[in-house]
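Here you go, sequence then predicted model.
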Amino acid sequence: MRVKKMQFLFIALGVLLLSGFREVNTDLRPEGINQIPSIPDVVARVNGSDILAQRIKFQFKQVLKNARAPMTSPQKDKIIRKVIDQEVVRELMHQEAQRLKLTIDSNVIDTEFKALKSAYKNEDEFKKALLQRGIVEDDLKKAIEVDAQAQMIIKQQVQGKVEIDDADVQKYFHENNENFLRPAAFRVSHILIMPFSPEMIKNTKIEDLQDRKEELRQKAKEKILGIQKELKNGAKIADLAKKYSHDESTAQNGGDLGFFYADGVEKVFADAVSKLEVGEVSDVVETTFGFHLIELTETKPSEYAPFEDMKEAIQKHLFMKDASNRVADYITDLRKKAEIEIFY
């Protein structure tokens, strides 16, 4: 059986192979703009075409912005080299697209450009973002075109060339059976009282709420304790959830959260649930969301997922693995044929 070459798989391949700098694990926070190391104006040259420092610096600043600790020099160096390498790949793909005379419909570029622009509140915000990046609209449209060309090349390298049959899928399933062990699952109903209620969040400045954080936390705790008394006096958790719960996605369903695995919720919540018998209600539990009262309504024991449940996911996994290897080999071949100089 041949797995269908779905468009999202090609897009995913493009993201993995052309945006590898996003995969760099930084776990860092910047100390300031001065952390950017000295980078030459031309960081690399691919078959005579220069790759400028402008984009490298911008990407590095984005990493700094999301960092959670100061960087060491080796960490900074690793990130910059990773970004440069990805830009080299983009340039190789762009040059290959030119050689193959691949053209992108202007409507495709305009649609993507408008989608990116729509993420900003107004024209001024958009222009400010371009200025910070050191580019103009035509530069952005060119980048969109280059990425679209790369996607076309990736599709050509994969489409019709990767086949995953049932035997491959069955073999993977049996050889990796332990990976398909589902842990015990729990179904609960809960009441959530948040320090910042949904109504407060909608109608109050976040700064004002932060100033009253401890006061509002105490009020939320008092409210959940009052609800707990109603439960002990015989009220049903489903009725009280509809009346009081701040969890807007479950309140009208009586607080039913459905089935979940312990590692899918906060540890304190999972620990409280694990101590309950079916039909039993927890004491007050505090999570980052607020205060909960939790009733365990149903459990499912740990079990191995049946093959039919995992078949499609395995097909996609094997397809992505094979396709990624195929495209990686193609890029390696482009590197071998190219004259690449790195100046950093």
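Yep, it's here.

Please give me every residue in contact with residue 250.
Residue 250 sits next to 189, 190, 241, 256, 257 when contact means Cβ atoms under 8 Å, 6 or more residues apart in numbering. C-beta here means a position set from N, CA and C on the backbone, and glycine is covered the same way.

Repeat that for residue 306.
Under the criterion of Cβ under 8 Å, 6+ apart, residue 306 has no contact partners.

Residue 120 versus that one, what's the distance?
47 Å (Cβ to Cβ, to the nearest Å).

quick one: stretch 195-211 to chain centroid distance?
Centre-to-centre, stretch 195-211 and its host chain are 27 Å apart (Cα atoms, centre = their mean, to the nearest Å).

just stretch 64-79 next, same as before
For stretch 64-79, the gap between its own C-alpha mean and the chain's C-alpha mean amounts to 20 Å (Cα atoms, centre = their mean).

again, but for stretch 245-264
23 Å.

Equivalent analysis for stretch 293-311, please.
Worked out by Cα atoms, centre = their mean, stretch 293-311 lies 25 Å from the chain centre.

number of nearby residues for residue 123?
The tally of other residues near residue 123 (other Cβ atoms under 10 Å) stands at 9.

One more: residue 265?
By the other Cβ under 10 Å criterion, the neighbourhood of residue 265 contains 17 residues.

how close does it get to residue 190?
Looking at residue 265 against residue 190, where the rule is Cβ to Cβ, the gap reads 10 Å.

swap in residue 333?
From residue 333 over to residue 190 (counting by Cβ to Cβ), the distance is 56 Å.

Enumerate every residue touching the closest residue in space to residue 261 that isn't next to it in sequence.
Among residues not flanking residue 261 along the chain, residue 183 sits closest, at 5.2 Å (Cβ to Cβ, 6 or more residues apart in numbering). Residue 183 makes contacts with 261, 262, 263, 302, as judged by Cβ under 8 Å, 6+ apart.

Looking at those, which are in helices?
Among those, no residue falls in helices (DSSP state H).

Now flag whichever of the residues you listed is closest to residue 210.
Using Cβ to Cβ, residue 263 is the member of the contacts of residue 183 that lies nearest residue 210, at 30.1 Å.

give the contact list for the closest one.
Neighbour list for residue 263: 183, 270 [criterion: Cβ under 8 Å, 6+ apart].

for residue 142, same thing?
Under the criterion of Cβ under 8 Å, 6+ apart, residue 142 has no contact partners.

Give me the average confidence score over whatever helix or strand it lives in.
Following DSSP states H and E, the helix or strand that holds residue 142 is helix 137-158. For helix 137-158, the mean pLDDT works out to 90.

Break the protein into its domains for me.
Residue ranges of the domains in the chain are recorded as 7-165+309-342, 184-301, according to automatic domain parsing.

can you map out the helices along the stretch 51-200 of the chain?
Defined through DSSP state H, counting those that start in this stretch, the helices belonging to the stretch 51-200 of the chain, from first to last, are 53-65, 73-99, 106-117, 123-133, 137-158, 166-175, 198-203.

gap between residue 310 and residue 282?
Separation of residue 310 from residue 282 (Cβ to Cβ): 33 Å.

re the thing from before, in CSV, list the helices of the stretch 51-200 of the chain along with distance to residue 269.
Conversion of those to CSV gives the following (distance: least, Cβ to Cβ, whole Å):
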stretch, distance to residue 269
helix 53-65, 31
helix 73-99, 35
helix 106-117, 37
helix 123-133, 38
helix 137-158, 41
helix 166-175, 32
helix 198-203, 19
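
Quick one, which of those helices gets closest to residue 235.
For those, proximity to residue 235 was assessed by Cβ to Cβ; helix 198-203 is nearest, at 22.5 Å.

Residues contacting the helix or strand following that closest one, please?
In the C-terminal direction, the helix or strand that comes right after helix 198-203 (DSSP H and E) is helix 206-211. Among residues not part of helix 206-211, those counted as contacts by Cβ under 8 Å, 6+ apart are 196, 200, 201, 216.
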